[in-house]
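# here is a sequence with its predicted model. Questions after.
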Amino acid sequence: MNEKVVKNMIWFRRQLRIHDQPLFECFDSGTEGVIGVWVLDPREHTAQVGGFTRTGSHRMRFLLETIAELRAAMRRMGSELIIRIGKPEQILPELTETLGIDRFHFVEEPGSEERSIERAVINRMQTNATGLSPETLLEIEDPGTFARELPEVFSSFRRHVEKRLDYGQPRPAPERLRPVKTPADFESGEIPTLDQLGLFDEVADPRGVMQFRGGESSGLERLEQWMFHGDHLQHYKQTRNEMLGPEYSSKFSPWLAVGALSSRQVAARSFSYEEERTKNESTYWLRFELLWREFFRLHLLKHGASLFHRTGPIDLDLEYRNDPEMFEHWRNGTTGIPLIDANMRELKGTGFMSNRGRQIVASFLSKNMNVDWRWGARWFERCLIDYCPAANWGNWSYSAGVGADPRGFRGFDIARQARSYDPRGDYVAKWLPEEVGHLDGMSRHAPWDHGGPTPVVETSRSLDEARVRWEAASMIHRTRLEGR
């Protein structure tokens, strides 16, 4: 008499990989069957918000490439990845019933939208459903409890965790998976094309810093190439704010964002690098940046939906003029200010932008242009191949002065940023050849002084006006808090 094989279903969400896969710890790969599922939720990707879809073609292509590789990997291991389009709370309960699944597993996400969908899935699920705690870089026993006590300032968080917590070790992956038998007429589903999703198949601009391809193998290859073969980690702290070329920063973020690359794997390889090559401020700084990512995920878990409100987690009531024409100039890279326009055209043409560029254009939108920071966050959500809800909205609220920020008013002097990070004008000339290619050096950052058009805002005056607005709102905020 054959013993009944336990059937498991694992729901892949933002852990789209085989290495360091927490879902593989939910079952015995030697005796139990497993089948994977990935659901493209139109509400998350193809819904229109602010006049454009939440996911653009560059970001969607990277995601679908990652899914294709994950499916191929699951099949090589002996299992299958089911593909569906629709609402998870409708699709997943039906699938578990159709396939006679005994246990259903997923990894919880820190976002409020994602958590509401998780609850809806569990409420409709007839089989045993288990949600693993949100994935963490650090060894945190209960991320939810830890997040409730999370400091509002990153430096306090960093000091605490570096003294008291260890980095998590990457989890081993099984070599083989036991499949779940499906009915003869069962269809695993096809990976949709961009055209089927209503997206124009745009080719990434060849001027981009590099050609990004989705998938676990590409992420792991980039990790080894940049860190070990190219030996770039030892100089990371000195080069990380540059804007040209593939090697100034790790560029791991697209694979980290979809979970094709594990943050624990990156940290573990950085420790190996220190043992095999060298240990210095740069090798530490890569983990420092991973800690920022961890902080923002916990920050989102703590504050939930308030992170997406205009007033942010600190409830600072900043008002904005919200001129639609200003926003169009910003997102299309036609402000007349080369450093802003070059970065925005790179984003639109490739789905990527340097970290320094992101800080500059975010400050410019909310401060100089007096446009609601959430408009910019939504545009980044659409464009960025490395879009991560926690990091994107956390960084934007931080930049706007309504999020996790230890300082007072913070705004960027565009001319100073240009002198510091593009003094020869090479970056802006690459993306704005017609506008500034005929000029040299710092003159490329001020084409209006050489017969070019006047920018849509005057940077110094508009930044001063933003400071006045912020200080007035902060005074009202402090008064309200003192009156409680």
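Looks like it came in fine. Residues are numbered from 1 along each chain as shown.

# and V361, what is it in contact with?
Applying Cβ atoms under 8 Å, 6 or more residues apart in numbering to V361 gives the contacts 330, 340, 343-344, 353, 376. Placement of C-beta: from N, CA and C, glycine included.

# closest to Q48 among these?
When those are ranked by distance to Q48 (Cβ to Cβ), G376 comes first, at 17.3 Å.

# correct me if wrong: that closest one contacts Y320.
No - using Cβ atoms under 8 Å, G376 is not in contact with Y320; the gap is 11.0 Å.

# and those two? Which one has more around it.
Between G376 and Y320, G376 has the larger neighbour count (other Cβ atoms under 10 Å), namely 25 against 17.

# mind checking which helix or strand that one is in?
helix 373-383 (DSSP states H and E).

# show me how far that helix is from its chain's centre.
12 Å (Cα atoms, centre = their mean, to the nearest Å).

# and if you look at stretch 367-378?
Between the centre of stretch 367-378 and the centre of its chain there are 18 Å (Cα atoms, centre = their mean).

# what do you get for stretch 349-366?
Chain-centre distance of stretch 349-366: 13 Å, with Cα atoms, centre = their mean.

# for the protein, what spans make up the strands?
7-11, 33-40, 48-49, 52-53, 81-85, 103-107, 128-132, 178-179 (DSSP state E).

# got TSV for those, with mean neighbour count, distance to L138 and mean pLDDT too?
Converted to TSV, the strands of the chain look like this (neighbours: other Cβ atoms under 10 Å; distance: least, Cβ to Cβ, whole Å; pLDDT from 0 to 100):
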stretch	mean neighbour count	distance to L138	mean pLDDT
strand 7-11	25	23	98
strand 33-40	23	27	98
strand 48-49	10	33	91
strand 52-53	17	35	92
strand 81-85	21	29	98
strand 103-107	22	16	98
strand 128-132	15	16	97
strand 178-179	19	32	97
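
# pLDDT below threshold where in the stretch 351-484 of the chain?
Scanning the stretch 351-484 of the chain with the threshold set as pLDDT under 70 gives 406, 484.

# so who does H329 touch?
335-336, 369, 456.

# would you mind putting those into TSV with distance to V468 and neighbour count alongside?
Output for these, formatted as TSV (distance: Cβ to Cβ, whole Å; neighbours: other Cβ atoms under 10 Å):
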residue	distance to V468	neighbour count
T335	22	25
G336	24	17
M369	15	25
V456	20	18
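
# what is the nearest of those residues to V49?
Out of those, the member with the shortest distance to V49 (by Cβ to Cβ) is M369, at 19.7 Å.

# ok, now how distant is that closest one from W255?
To W255, M369 is 32 Å away according to Cβ to Cβ, to the nearest Å.

# ok, back up a step: out of the strands of the chain, which is closest to Q265?
Closest of the strands of the chain to Q265 is strand 103-107, at 15.8 Å (criterion: Cβ to Cβ).

# how far away is the residue nearest the centre of the chain from N395?
Closest to where the C-alpha atoms of the chain average out (Cα atoms, centre = their mean) is C388, at 2.3 Å. Relative to N395, C388 is positioned 10 Å away (Cβ to Cβ).

# repeat that for R480.
26 Å.

# and the two? Which one has more around it.
N395 (21 against 11).

# test my guess that that one contacts F295.
No - at 10.8 Å, N395 does not count as touching F295 under the criterion of Cβ under 8 Å.

# need the residues touching each of those two.
Common neighbours of N395 and F295 (Cβ under 8 Å, 6+ apart) do not exist.

# contacting residues around M326?
Counting by Cβ under 8 Å, 6+ apart, M326 makes contact with 369-371, 456-457.

# any idea which of these is closest to A404?
Distance ranking of these against A404, using Cβ to Cβ, places V371 first at 21.3 Å.

# count of residues packed around the closest one?
22.

# what's it sitting at in phi/psi?
Main-chain torsions, V371, degrees, to the nearest 10: phi -120, psi 140.

# and it, how far from P93?
Applying Cβ to Cβ to V371 and P93 gives a distance of 42 Å.

# what's the answer for R467, then?
Taking Cβ to Cβ, one finds R467 at 53 Å from P93.

# more neighbours: the two, which one.
P93 (21 against 14).

# so how far is R310 from the closest residue to P192 other than its chain neighbours?
In this structure, P192 finds its nearest non-sequential neighbour in I85, 6.3 Å apart by Cβ to Cβ, 6 or more residues apart in numbering. Distance, I85 to R310, using Cβ to Cβ: 32 Å.

# got it, and M369?
Taken as Cβ to Cβ, the span from M369 to R310 is 15 Å.

# give me the number of residues near K430?
17.

# show me where the stretch 51-200 of the chain has its helices.
57-76, 88-99, 112-124, 143-148, 154-164 (DSSP state H, counting those that start in this stretch).

# TSV please, covering the ones you listed and showing distance to E381 and mean pLDDT.
Shown next, in TSV, are those (distance: least, Cβ to Cβ, whole Å; pLDDT from 0 to 100):
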stretch	distance to E381	mean pLDDT
helix 57-76	8	98
helix 88-99	19	98
helix 112-124	12	96
helix 143-148	22	97
helix 154-164	22	95
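
# mind checking which of the ones you listed is nearest R444?
Comparing these by Cβ to Cβ, helix 57-76 comes nearest, at 26.6 Å.

# hmm, who's touching that closest one?
12, 16-18, 36, 38, 45, 55, 80-81, 83, 177, 191-194, 197, 199-202, 204, 212-218, 254-255, 258, 260, 350-351, 382-385, 387.

# go on, stretch 40-51?
By Cβ under 8 Å, 6+ apart, stretch 40-51 touches 53-55, 60, 83-88, 113, 117, 192, 197-199, 375, 378-379.

# change it to 6 Å
Stretch 40-51 has contacts (Cβ atoms under 6 Å, 6 or more residues apart in numbering) with 53-55, 85, 197, 378.

# lovely, talk soon.
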